[in-house]
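**Student:** the following comprises the amino acid sequence and a computationally predicted model.
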Amino acid sequence: MIKIYHNPRCSKSRQGLALLEDSGKEFKIIKYLEDGLTVSELETIISKLNIKPINLVRKNETIWKSDYKSKTLSDQQILEAMVLHSKLIERPIVVNKSKAVVGRPPETILEII
């Protein structure tokens, strides 16, 4: 089943959700800011995205700038930061079986649905 890691307050995430709704395909909404993600879940998503953890970080977030930007962090430390501060995770993320994309721009979601 298709999953969208969604932040309702984010316009790009809402646009991505609309694309999924318009597709007519079945999908599950995961409100990761409310429910949180584990390191293991993030590792699985990042593996499907085929990126490094740092590439999933929203580097303009205040918490990143104040607590992490000036530090040299391992992949594990970056994952732990995203688990601790879910708003650091780029959004929306759409996962369909073994593939995933970050919906920026939202139209990239169409590539995997």
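**Tutor:** Looks like it arrived, so ask away. Numbers count the residues shown, from 1 in each chain.

**Student:** in the chain, which helix is the longest?
**Tutor:** Counting by DSSP state H, the longest helix found in the chain is helix 11-23.

**Student:** could you give the mean pLDDT of the helix or strand containing M82?
**Tutor:** For M82, the host element (DSSP states H and E) is helix 75-84. What helix 75-84 shows for mean pLDDT is 98.

**Student:** for the remainder of this discussion, apply numbering that starts at 35.
**Tutor:** Sure, I'll start counting at 35 from here, so that last one is helix 109-118.

**Student:** go through that helix and flag the buried ones.
**Tutor:** For helix 109-118, a neighbour-count test (16 or more other CB atoms under 10 Å) marks I112, L113, A115, M116, V117 as buried. The C-beta positions use only the backbone N, C-alpha and C, and glycine is treated the same way.

**Student:** the closest residue to the third one other than its chain neighbours and K65, how far apart?
**Tutor:** It refers to A115. Once flanking residues are discounted, A115 sits nearest to Y102: 5.7 Å by CB to CB, 6 or more residues apart in numbering. Per CB to CB, to the nearest Å, Y102 is found 24 Å from K65.

**Student:** of those two, who's got more company?
**Tutor:** Y102 (18 against 14; other CB atoms under 10 Å).

**Student:** list the contacts of N130.
**Tutor:** I36, K37, I146, I147 (CB atoms under 8 Å, 6 or more residues apart in numbering).

**Student:** and the second one, what element?
**Tutor:** Applying DSSP H and E as the criterion places K37 in strand 36-39.

**Student:** tell me how many other residues crowd K37.
**Tutor:** Other residues close to K37 by other CB under 10 Å number 16.
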